[in-house]
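Undergrad: What would the 3D arrangement of this be:
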Amino acid sequence: MSFNGLAQFASFLESRGQLARVACRVDPHLEITEIADRLVKNGGSALLFEDTGTNFPLLINAFASDERMAAAMGRASLDDAGEEIFSLVESLGRSRGRLTRLARLPGMIRFLTLAPRRKRGRGECQEVVDHTPDLSRLPILKCWPHDGGRFITLPLVHTRHPDTGRTNLGMYRMQVMGKDVTGMHWHRHKTGARHFEAWKKKGGRMPVTVTLGGDPVYTYSATAPLPEDISEYLLAAFLRRKRVKLVRCLTNDLWVPADSDFVIEGYVDTSEPPVTEGPFGDHTGFYSLADLYPRFRVTCITHRKNAVYPATVVGVPPMEDAWMGKATEKIFFAPIKLTIAPEIRELHMPVSGVAHNLVIVSIDKTYPGQGMKVLSALFGAGQMMLSKYIIVVNSDVHVTDYLSVAEAFFANVRFETDLLLTRGPLDVLDHSSDRFSMGGKLGIDATVKLSEERVAESHTMPMMLLTDDEITNRYITGLKTMAQYALPVAVLTISKPDTGLDMHRMASSLPASLTTPGTVIIAVDDGADADDPAMLTWLVTGNSDPARDLYHLDGGALFIDATSKVNSLPAFPREWPNVVCSDPETIQLTDRRWPEYGLGPLIASPSLKLLPLLRPGNASVETSKATSG
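TA: Below is the predicted model:
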């Protein structure tokens, strides 16, 4: 199944009860974000805002369910796409070295005939042409209060290498800085950035074209972790079972899908100095702070007559991007299993781990050390290199059953022997490490140990019977245990003084009754909901650097410092980002206007639970003079 533009996709979703229309005028400045956030966290529908104060409606949350994500990929289910990719990759592996037989494989024949096709003349995306471009005519969102401005959040960025001619489709947010100027936020690990560096060596202007919308499968394909030499439009065609037709841009020589809703043509002048871009409320649930990125200059904007502007909002999970991550799990499981670690049975990236921060895999274990072998392989595998925490369990543990995974951890992990601490590249957006885009990683072998792996001492699961009175440290504001799950976990909420707090020393002063062998103690900031496992997972994996924030205490417990590093001793060397949430004024406005939207009973703002975590400052947290050096 394919879709000829977003208007057709929106109609399809509406026919299946998966889309709600909002007819009243809604402001793209913060208000749309607040509405979308309420729905996405409560299993709501896609939203089509018909009156945005511009000539164009806005579609959001279009991918935010299994059904909608599968439809966007032209499939009945996400499993359908994953199984077909698995069969194709498996066939490639069996046929290695036998090219004649390979070419006869039905799946491979179809795959090879799906290369994008260039079309003469103009496409629907060029029905309306504007050679005096003005980005303010589009309903571009300002998503969160401390964002640096309005951001295009679903841009499909087309670039070309100046020497090889190979093209790439990527997704890099774009901050609007003028009617015809934006930032281009491509990270150093991304192909777009490598193309830019190649153009910089060559000198001159780098042609760049950004499309919006079109068949929704293009949006997913732009996010997919493909090898650099495989076209994203080949993946799109494979998923929708139809070739992509491309048309030439009007002011540069790049080619883009004819059925796009919008085409924003332009260039990056490699001789221009970079521009300060950001802050931006990011998919980590924290603000990514201002930094220097290239400047993109717009030369022309074209669009369909019935163009629909696509947008998404990222922030504290779950958000719409969670379902894109789920699709990636399904589609790219096959290459990982068949080329890197064939013993893997399942792979899962929990939503609370915001993709790179937490990965859980199950394996068919047959020999000692196999869990560690898989951990080492995954930390060096493609985009998996950016993972921070990876847990390996046996194949009889379902990786999406988090309680079973936790039970496997406490039953099978000895802190002294089954934790693999290493260092390596991290996502550019990771804020926990002392150093930019590099830091600690932790692999956890939670598999059942074979006889060769066992040690003499028995490993038991202690149960804590503590009360708040037993915790005498004056900076600890609360204590929760996970006795309801029969897990030896204690969660401490911490309020740090302006003069700073050495968390290692504080952890070392905890009473012996708390630090028993096999216990995990988690410290989070005062204001966190210690009864919410999803919030705890998000904070632990986001705020901690395993190389710095995991302590083995004398009593045998493992202490994890998941607090913000503001007012920590020694002082944290970088700015610390604030939590992403709506401001009280936007929440109140949305509450007041809710009946106008026609979206049913009032849904409370998810930000109400996050406001207690917000700290003084703006996108970054203010640091007291006592700890800032």
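Undergrad: Would you agree residue 77 is in contact with residue 69?
TA: No - Residue 77 is beyond contact range of residue 69, at 9.5 Å (criterion: C-beta atoms under 8 Å). Every C-beta, even on glycine, is put in place using the N, C-alpha and C of the backbone.
Undergrad: Scan the helices and strands of this structure for the one with the lowest mean pLDDT.
TA: helix 99-104 (a mean of 46; mean pLDDT, DSSP states H and E).
Undergrad: In three-state terms, how would residue 157 be classified?
TA: strand (DSSP: H, G, I helix; E, B strand; the rest coil).
Undergrad: How about residue 201?
TA: From three-state DSSP, the assignment for residue 201 is helix.
Undergrad: any idea how far it is from residue 166?
TA: As judged by C-beta to C-beta, to the nearest Å, residue 201 and residue 166 stand 16 Å apart.
Undergrad: before we move on, what about residue 76?
TA: Taking C-beta to C-beta, one finds residue 76 at 33 Å from residue 166.
Undergrad: for residue 611, same thing?
TA: 47 Å.
Undergrad: next one: residue 431
TA: In terms of C-beta to C-beta, residue 431 sits 33 Å off from residue 166.
Undergrad: Which of these two has more residues huddled nearby?
TA: Shown here are residue 431 and residue 166; by other C-beta atoms under 10 Å, residue 431 has more neighbours (24 against 13).
Undergrad: just checking, the more buried one touches residue 282?
TA: No - at 9.4 Å, residue 431 and residue 282 do not qualify as touching, with contact defined as C-beta under 8 Å.
Undergrad: overlap in contacts of these two?
TA: Common neighbours of residue 431 and residue 282, using C-beta atoms under 8 Å, 6 or more residues apart in numbering, are residue 288.
Undergrad: On the three-state scheme, residue 591 is what?
TA: Three-state assignment for residue 591 (three-state DSSP): helix.
Undergrad: oh sorry, the question was meant for residue 479
TA: Relying on three-state DSSP, one would call residue 479 strand.
Undergrad: Run through the helices of the stretch 401-550 of the chain in chain order.
TA: Using DSSP state H, counting those that start in this stretch, the helices of the stretch 401-550 of the chain run over residues 402-412, 503-508, 533-543, 546-549.
Undergrad: Nearest to residue 142, out of those helices?
TA: Judged by C-beta to C-beta, the one of the helices of the stretch 401-550 of the chain that comes nearest to residue 142 is helix 533-543, at 23.5 Å.
Undergrad: now that closest one and helix 402-412, what's the angle there?
TA: Orientation check (axes from the mean of the first three to the mean of the last three C-alpha atoms, to 10 degrees): helix 533-543 against helix 402-412 gives 60 degrees.
Undergrad: so what secondary structure elements neighbour helix 533-543?
TA: When contacts are defined as 3 or more C-beta pairs under 8 Å, 6 or more residues apart in numbering; DSSP states H and E, helix 533-543 sits against strand 520-525.
Undergrad: now the strand it packs on against helix 533-543, angle please.
TA: Using the same axes, to 10 degrees: strand 520-525 against helix 533-543 is 80 degrees.
Undergrad: Tell me the strands beside strand 520-525, with direction?
TA: strand 487-494 (parallel), strand 558-561 (parallel) (DSSP bridges).
Undergrad: so where's the stretch 401-550 of the chain shaky on pLDDT?
TA: 456-472 (pLDDT under 70).
Undergrad: can you count the residues close to residue 401?
TA: Count around residue 401 with other C-beta under 10 Å applied: 14.
Undergrad: sorry, that was for residue 531
TA: Neighbour tally, residue 531, other C-beta under 10 Å: 11.
Undergrad: Can you name the residues that contact the closest residue to it other than its chain neighbours?
TA: Of all residues not flanking residue 531 in the chain, residue 480 sits nearest, at 6.3 Å (C-beta to C-beta, 6 or more residues apart in numbering). With contact taken as C-beta under 8 Å, 6+ apart, residue 480 is in contact with 490-491, 530-531.
Undergrad: at 10 Å what do you get?
TA: Listed by C-beta atoms under 10 Å, 6 or more residues apart in numbering, the contact set of residue 480 reads 468, 489-493, 522, 524, 529-531, 536.
Undergrad: Output the contacting helices and strands for the lengthiest helix in the chain.
TA: Counting by DSSP state H, the longest helix found in the chain is helix 321-339. Helix 321-339 makes packing contacts with helix 31-40, helix 66-72, helix 78-94, helix 216-223, helix 232-240, strand 344-348, strand 358-363 when contacts are defined by 3 or more C-beta pairs under 10 Å, 6 or more residues apart in numbering; DSSP states H and E.
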